[in-house]
Every structure is written in structure tokens, then in C-alpha cells.
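In: Compute the structure for the input listed below.
(2 chains)
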Amino acid sequence: MDLEKILTSRINAKILKLFCEHPHCIDTAQGISLWTGLPLDKTKNSLQKLAHHSLLVEHKTLSTQGYALTQDKKIITAIKNWLNRNPNDT
Amino acid sequence: MHSTYQDELFHKLIEHPSWKNEIEAFSHFLVNATWIFLPQATTTEIDPANIFYSNRDEAMQMLPIVGSLLSAVKQTKQVQTTINSAGKYFYCIPIIRGDQVYGYVAVGNITEEIPEKLLNLFNVFTCTTIESVQKELEVSKLYETIRPKTIALSTVHTIGRIISSTLELDELLPRIARLSLQVLRAQRCCIMLVDKYKRNLVPHAIVDVRNKNAQQEQLKLGQGIPGKVVQSGNAVLRPQQLCIPLVAEEHIIGTITMTHRLDGKPFGIFDKEILTTLSEQAVIAIKNAQLYDEQEKLTLNSIKALASILSSGVADNYGRTNLFINVTMSIGMELKLRSDQMRMLYYASLLHNVSQMGLPDKILKKSTKLTGKDYKIIQEQHLKGAQLIQPIGGRLKAVLPIIIHHHERYDGHGYPSGLKADDIPLGARILAVADAFEAMLSKRPYRRKLSISQAVAEIVKFSGEQFDPVIVDAFVRVIRRSKNKIFKSEQAWIWKKF
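Out: The predicted structure follows:
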């Protein structure tokens, strides 16, 4: 997984920044779209991709899809380091 | 980090676009003026490191004069002015709104006196800008306070939706455990429920992010932290362990225990509050699932009893067998049906021979080929039999179409409705294959029974005509894989799996 490449997307970076700031958060695409101010369709796509790359964890049922930050410490540290280095890219 | 609100507002003010525009505008009137901005806490001994200016060299030269004016400004909260030996004017103006001073503006090296009207105008603009900045600060603080709480509320809501989406206890409890781990950022979560004898705490879900094979022993009530929590009804909060009782209508039904935060920090009151909120939602979901489970067992027992009664009216050769149920359910699993579909399939497999009730012996025991008239009787009786269970309604309502249509043919030439292909309910298409297979392996008055391979070959031969090809493929895979296990007595998996 190329984290740098994933985070060059402003949408991905903004979503991950939200989760790093609120690590307890589990929310749907609609919720994430509201908190980040990003369009819903782009948020959905981004969330699915981030879950695919295991940066987010998906909690899926027939009616609801919730997303939460991975619990992998290394990945979290790498994300935070990137966000600290690039504060203006979100 | 700003020590006071005044300090915070001052620093925000001098960076605000409106303020900068204001200064720029006034600079046009006060040509070649030097501007210095001083925080409210500035003393007469001005520290250059804590002030802001437009031109450093000129500002440093101004400092002694500004210092001399500052004392009077602090006392009077009014503009103070002086002229130096070169005839240049220097002003020290409080940044004030109402009675509150937020800082000072020193402007100097001006060749002419600033008209009073201009000073008043400066004051008015300053007040307006301060007001804007104050509102922005308020909104920002509100945002910082409310946003995390709103996100937390949304999290609770999302968790509620995820938890409520299943009534299967086996699915629900691990889901609650995973969600709890996620929210509390912990390593391990264990959910234990009190057994029906109220003597032991039985682990029902253990999720450990670092150990997929994590185990938990059963505990007696009073044993270990969870056991003590059940007895006392009080949560236990320790640095590396947090245990909350699951309380339903004043009865403690179990515990949820979190161990080790992933960031290494100790669990705190906030974590306890979150887990308590989660546990309240979880209890409702658990009680619903348990009630549903009881209801399902009741329904199933009722159906079994009904099937027994109905089977007593059907000749042995045409009775339900374990083989039939095993084949039906195995095909369902092979096709990865949902648990609710599997349940309906099971009920249908128990009751499907209700259509043979009332068939006269002359047809059931006929040793020669059936006539057209015989088939008409069979088809009529099929519907009558199915209608016997129709008034029962409830769960059986969904099962009825499977029973009614399991004699349809894929090519549309079946009965009672001549349905074709996917118009035939899926369960009915499965039952058709299982029914035919079982019939071919049974002895009939008019023919001998076939071997397994012969029966399978016959099913395959009529794939696409009598039987759904997808179902036939699944059936063949099941038979090949099972070898002879499928002929054994009714398997316990039927109950456990769904």
C-alpha cells in the first residue's frame, strides 16, 4: 500500500484527518460528508477505497455502512506523520 | 497559546483582513506613518519581542515615546498624543470596545496632527472590527465544543443502527464487541452473559485485535472482575480494564469487558461513559435477539408438531425423510442463501408433503403408470393440501409459495400455475430437485428404486427442462462432496447455522 499516493488525494487526506482528530468516530458516508464538507458521492468512493486499503475499517450491514479508523498503530502513525508534514493539503 | 481572551482577540484582530484594510486605508491619510500594535498586557517597559509593527527600525526608535504615552492611556483609556523635538506627532490609541481594552495602536512620525474626526472614525471602524472578530471567536469556540460532541452523537446513532440490523445473537454479540473495540480504541473486548441457571458467566463473544485465537473461561458469579460486576451491579474502572454490567429491566444479564487501550493510556471516566451508553444499546439488541430466538424455536417446534400430524395422513413411502431435508438444506448452503431464506427453506422441507395428504391409496399404491385423470387428482389434492396450512399465517405465509410451487417445471410445464424459470420461487426450485432425488431413491409400487448415481444422472438429464440448471449444479457439487454423509440422520447444523 502506497500511503503517500493515497494521501495525495485531498479528499482522502481530509477524511483521514477527521478520523485522526476523532479516533472514536464511527459514522456513515453521510455523516463523514457532513463533518468534512465533502460531496457525498466523492466521500462514498473515498471511504470504500480507504477501507479497501485497510486504512479504515468497514462495519457493514444490509442497511448501514459505518466506517472507522484502523486500529493498526503503524498505519495511524504514518497517517499522522503525513498530515503533520502537509497541514495545508487538507 | 494565548493566556487571556483579550490576548486571543488582539492577536486575531491584527491578523484580520478588515483590520489590515483599515490600517491601509488610514495610512493613505497618515502618509509615512509608522504603526505599532501592542497587546493589552504591554507595560511601559515595552518588550520588542511582544509587539507588532510595520517598519522595524522606525518602530524601535518610537518605543521610548510610546512607552511614555502608554501609562496615561492605560489610566484614562483615552487617546494620548505628543510631539517630538523634530515636530513629528505620535499617538497611542487604545483598541477599545465599550469598557474593554484589547490592546493599543501606536502611530507616529506623522507630520500633521490627526483631526479628531479621523480619530473618531478610526475608533468606530475598530469597534466594528472587534465585534466581527468576537463573533468569529465565539463561533470557533462553539465549533470546537459542539463538533466533537455532535460527532460522538452521530457515532452512537450509527452504532445503534448497526447493532439493530441483526436479530441473530451469534452475529450480534461479536458485532457489539468489534464496535466497542473500535470506539474505545482498545485491544480486547469480551462479552459474557449469565447462564439460565444464574450461576455462571459464559463468554459469548471475544474479539482481540492482537490475538485472533483469544479465549475466555467461563466464570462463576462473583469470580473475577466480570463475576464481581454481576454480583455488585457496579462497573469496574481500572487503568487497563473496564468492565460494565449489562442491565435489562434491573436484572444483570451479563458484562462487557474492555482490556488495554491501544495507545497505552489508562481507561478513564469518558471511556466508562461511552461504554455504558453502548451497553444500554447493546442490551436492547440482545434482549430483542433472545426474544426472537425463543420465538423462532417456538415456531419451529410448532411446525415440527404440525408436520408430524400432517405426516400421519401420508403413506410412509411418501413421507419426509432426513435425506430430503439434508439435500434441501445443503443446496441452500451451497447457494449461500441468507439465514432467513434458509429458515423458510427448512420450514418448507418439513411441511412440503402436506400436498400429499388426502391422496387416495389407489393412486399412492398404484403399480401401473398414472393416467391423466390420476395426475389431475394429484394436482387438485396438491393445492388442497397446501391450503390446509394457509389459515395458520404468520411465518408460514412465506413458506406457502415454496410448498405450492415445488411441482412447477423450469420450462413452465409444471403445476399448479405453469410458472417458468425464475418466476418459480427459489425455495420451490430447490425443493423440486431434492424431492425428485429422494423419490428416485425410494421404492415405489410402479418401479424399483434407483442408485445414487442413476438418480443424479436423471436430475442432470432434466436440468433446464424440469429443474433449474443453477440448482442442479449446486446439487451435484453437494452430492459429490458429501459422499455418504448426506444420508445420515438429521444434522445438528440445521439448528445451529441459522
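In: List, one by one, the residues from chain B near chain A.
Out: B:147-148, B:151-152, B:154-155, B:158-159, B:161-162, B:165-166, B:175, B:178-179, B:181-185, B:209, B:262, B:274 (Cβ under 8 Å from any Cβ of the partner chain). C-betas here are computed from N, CA, C, even on glycine.
In: Among the residues you listed, name the buried ones.
Out: Among these, those classed as buried by 16 or more other Cβ atoms under 10 Å in any protein chain shown are B:151-152, B:154-155, B:158-159, B:161-162, B:165-166, B:175, B:178-179, B:181-185, B:209, B:262, B:274.
In: hmm, back to that, show me the residues of chain B next to chain A that map onto helices.
Out: In helices, defined here by DSSP state H, the members of the residues of chain B next to chain A are B:147-148, B:151-152, B:154-155, B:158-159, B:161-162, B:175, B:178-179, B:181-184, B:274.
In: Pretty sure B:Cys243 sits against B:Thr255.
Out: Yes - in this structure, B:Cys243 is within contact of B:Thr255 by Cβ atoms under 8 Å, at 5.6 Å.
In: how many other residues sit next to residue 10?
Out: Let's take chain A. Around A:Arg10 there are 13 other residues, counting by other Cβ atoms under 10 Å in any protein chain shown.
In: should've been chain B
Out: A count of neighbours around B:Phe10, defined by other Cβ under 10 Å, yields 26.
In: so what secondary structure elements neighbour the host helix or strand of it?
Out: In this assignment (DSSP states H and E), B:Phe10 forms part of helix B:5-15. Under the contact criterion of 3 or more Cβ pairs under 8 Å, 6 or more residues apart in numbering or on different chains; DSSP states H and E, helix B:5-15 touches strand B:34-39, strand B:100-110, helix B:116-164.
In: Dihedrals phi and psi, the closest residue to chain B within chain A?
Out: Chain B sits closest to A:Thr61 of chain A, with a gap of 3.6 Å, by Cβ to the nearest Cβ. Phi and psi for A:Thr61, reported as degrees, to the nearest 10, are phi -130, psi -180.
In: mind listing what the closest residue to it other than its chain neighbours touches?
Out: Nearest residue to A:Thr61, sequence neighbours excluded (Cβ to Cβ, 6 or more residues apart in numbering or on different chains): B:Ser165, at 3.6 Å. If you count contacts by Cβ atoms under 8 Å, 6 or more residues apart in numbering or on different chains, B:Ser165 has them with A:Thr61, A:Leu62, A:Ser63, A:Thr64.
In: Neighbour-wise, which one of the residues you listed leads?
Out: Counting by other Cβ under 10 Å, A:Thr64 has the largest number of neighbours within those, with 17 neighbours.
In: who's in contact with that residue?
Out: Taking Cβ under 8 Å, 6+ apart, we find A:Thr64 in contact with A:Thr28, B:Thr158, B:Arg161, B:Ile162, B:Ser165.
In: What's the separation between the residue lying closest to the third one once chain neighbours are set aside and B:Thr81?
Out: The shortest distance from B:Arg161 to any residue other than its chain neighbours is 4.4 Å, reached at A:Thr64 (Cβ to Cβ, 6+ apart). As defined by Cβ to Cβ, to the nearest Å, A:Thr64 lies at a distance of 68 Å from B:Thr81.
In: Kindly report the same for B:Met60.
Out: For B:Met60 relative to B:Thr81 (Cβ to Cβ), the value is 20 Å.
In: Name the residues of the following helix or strand past the helix holding B:Phe10 that come out as buried.
Out: Counting by DSSP H and E, the next helix or strand C-terminal to helix B:5-15 is helix B:17-29. For helix B:17-29, a neighbour-count test (16+ other Cβ under 10 Å) marks B:Trp19, B:Glu22, B:Ile23, B:Phe26 as buried.
In: Switch the residues you listed over to JSON lines; also include pLDDT.
Out: Listed next are the buried residues of helix B:17-29 as JSON lines, based on pLDDT from 0 to 100:
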{"residue": "B:Trp19", "pLDDT": "91"}
{"residue": "B:Glu22", "pLDDT": "90"}
{"residue": "B:Ile23", "pLDDT": "89"}
{"residue": "B:Phe26", "pLDDT": "90"}
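In: Chain A: which of those residues is nearest?
Out: With Cβ to the nearest Cβ as the yardstick, the closest approach to chain A among those comes from B:Trp19, at 23.2 Å.
In: three-state assignment of the closest residue to B:Thr255 other than its chain neighbours?
Out: Using Cβ to Cβ, 6+ apart and skipping residues adjacent in sequence, the residue nearest B:Thr255 is B:Pro226, 4.2 Å away. Put simply, B:Pro226 is helix when judged by DSSP: H, G, I helix; E, B strand; the rest coil.
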